[in-house]
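*Asks:* whatever this is, show me its structure:
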Amino acid sequence: MKDTEIDNLEKLIPTLATGAVKKAYLDVLSSGNSVLEVIDSTLYEVYANGIKKKIKDLPPTIEVDIGKKIQLP
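*Replies:* All right, here's what the predicted structure looks like:
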């Protein structure tokens, strides 16, 4: 494979991953199980019939600037 072909395939990874996560979510619900989901900083157990049971509030997220360079000693 050429580098451009590999680059084009790699660009599809986020879309494929999103689809795989959605499918897994629906597969779990359709099998009669529940899933854990974070909605507005709160953890819920979600059931296939749409019921959401609050588990707990989560601490606020911490934003991190990944692109920031630091000076090492």
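*Asks:* helix or strand: which one has the most centrally placed residue in the chain?
*Replies:* Centroid check for the chain by CA atoms, centre = their mean gives Val21 as the closest residue, at 7.2 Å. Using DSSP states H and E, Val21 sits in helix 13-30.
*Asks:* okay, now the sheet partners of the very next helix or strand once past that helix, with direction.
*Replies:* The element immediately downstream of helix 13-30 (helix or strand, assigned by DSSP H and E) is strand 35-39. The pairing partners recorded for strand 35-39 under DSSP bridges are strand 42-46 (antiparallel).
*Asks:* that older thread, buried residues, the helix holding Val21. List them.
*Replies:* Neighbour-count burial for helix 13-30, counted by 16 or more other CB atoms under 10 Å, picks out Leu29. (Glycine included, C-beta is placed from N, CA and C.)
*Asks:* against Val64, how distant is the residue nearest to the centre of the chain?
*Replies:* Distance from Val21 to Val64, counting by CB to CB, to the nearest Å: 23 Å.
*Asks:* repeat that for Asp7.
*Replies:* When distance is defined by CB to CB, Asp7 is 28 Å away from Val64.
*Asks:* could you tell me the angle between the lowest-mean-pLDDT helix or strand in the chain and helix 13-30?
*Replies:* Using mean pLDDT, DSSP states H and E, helix 3-11 stands out as the lowest-scoring helix or strand of the chain, at a mean of 91. Going by axes from the mean of the first three to the mean of the last three CA atoms, to 10 degrees, helix 3-11 is angled at 30 degrees with respect to helix 13-30.
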